[in-house]
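Engineer: let's see this in three dimensions:
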Amino acid sequence: MISPGAVATELPEASSDEATRKNLREFYKSVVAIPAESVAKAIAYAIEQPADVEIDEIVIRPPPRSSELPMNMTATIKRIVSAGRFLRSC
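Structural biologist: Got it, this is the predicted structure:
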């Protein structure tokens, strides 16, 4: 199962119904949409695992907006993200 949340795609403009397009535009203004390329990379990561590794579920969320975090939490998240990039490069 892949649960990406809001993904930045052409969806808000693709509907033929004007009311739906308007509602989608308003919705996307209120959330942080994940770039479609980021979702694709997460799926590729799961697919590329060796046969003895099973990934059953991927939940993809955008990081919290830094304005919503305490200052020390923002620094902690940046360190965790940097460590994750380091581990993936090994």
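Engineer: give me the domain ranges for this structure.
Structural biologist: According to automatic domain parsing, the chain is divided into the following domains: 1-59, 63-90.
Engineer: and the ones you listed as CSV, adding mean pLDDT and mean neighbour count?
Structural biologist: In this view, the C-beta of every residue, glycine as well, is placed from N, C-alpha and C. Shown next, in CSV, are the domains of the chain (pLDDT from 0 to 100; neighbours: other Cβ atoms under 10 Å):
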stretch, mean pLDDT, mean neighbour count
domain 1-59, 87, 12
domain 63-90, 63, 10
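Engineer: residue 32 touches residue 8, doesn't it?
Structural biologist: No: using Cβ atoms under 8 Å, residue 32 makes no contact with residue 8, being 9.2 Å away.
Engineer: what ranges do the helices span in the chain?
Structural biologist: Here the chain has its helices, by DSSP state H, at 11-14, 18-30, 36-47, 71-89.
Engineer: those helices into JSON lines, with extra columns for distance to residue 53?
Structural biologist: Formatted as JSON lines, those follow (distance: least, Cβ to Cβ, whole Å):
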{"stretch": "helix 11-14", "distance to residue 53": "32"}
{"stretch": "helix 18-30", "distance to residue 53": "34"}
{"stretch": "helix 36-47", "distance to residue 53": "9"}
{"stretch": "helix 71-89", "distance to residue 53": "14"}
